[in-house]
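> Return atomic coordinates for the entry below.
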Amino acid sequence: MEIPSLAQLKKDLSFLPEKELILLITDLAKFSRDNKAFLYFKLNEQYQPTLFVDSVREELDEAFQLANTRSYYFAKKSAQSIRRKLNKSLKLSKNKADQAELILYFCEQMKEFGYLSFRYPVIDNLFQVQLGKAQKLIATLHEDLQADFNYRIEALT
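A predicted model of the protein is given here:
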């Protein structure tokens, strides 16, 4: 079976009545938690602009508190797992400021919870890669936001 292009799907959707579109969207939301989360954030972002960042921060806080940091091996695995959650969440937002905010928050939490004290190359590289991603995102933002974010990056290094 050949999957049609996005343009073709848009064209087909434009002919559907409103009730069928609503049913189609709710069916799509049932397939995965990511679809449901994406739909929820898109529907509520105009009323609560910080909803996405706040909910991802809560999720990251919980993950950091439950993480096992007794040895460098478990700390590495925990950090990688939390980073996967972060990356999954970052796909839900196209706002570069929100993405940079969350990546910096992840880095700050890594530092606060003592992941960097292990001096383990994998953990250090993970931290540096995330800082690099944040810096790339920050370079595309407005000058005022760049200054705020660069101050936070300086505090991390």
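> contacting residues around A79?
Each residue near A79 by C-beta atoms under 8 Å, 6 or more residues apart in numbering is listed here: A67, M110, Y115, I123, L126. Any C-beta I mention is one placed from the backbone N, CA and C, and that applies to glycine too.
> Closest to the mean position in the protein, which residue would that be?
L90 (2.4 Å; C-alpha atoms, centre = their mean).
> Need phi/psi at it.
phi -60, psi -30 (degrees, to the nearest 10).
> Let me see the contact set for the nearest residue to it once chain neighbours are set aside.
In this structure, L90 finds its nearest non-sequential neighbour in Q99, 5.2 Å apart by C-beta to C-beta, 6 or more residues apart in numbering. Neighbour list for Q99: L90, S93, L137 [criterion: C-beta under 8 Å, 6+ apart].
> Name the next helix or strand downstream of the helix or strand of the chain with the lowest mean pLDDT, please.
Lowest on mean pLDDT, DSSP states H and E among the helices and strands of the chain sits helix 33-44, with a mean of 84. Downstream of helix 33-44, the first helix or strand assigned by DSSP states H and E is helix 51-66.
> tell me what that following helix is packed against?
Here helix 51-66 touches helix 33-44, helix 72-90, helix 96-112, going by 3 or more C-beta pairs under 8 Å, 6 or more residues apart in numbering; DSSP states H and E.
> Quick check: chain neighbours aside, which residue is closest to D124?
Per C-beta to C-beta, 6+ apart, closest to D124 is L116, 6.9 Å.
> same deal with F106?
F106's closest residue in space is L86 (C-beta to C-beta, 6+ apart), at 5.2 Å.
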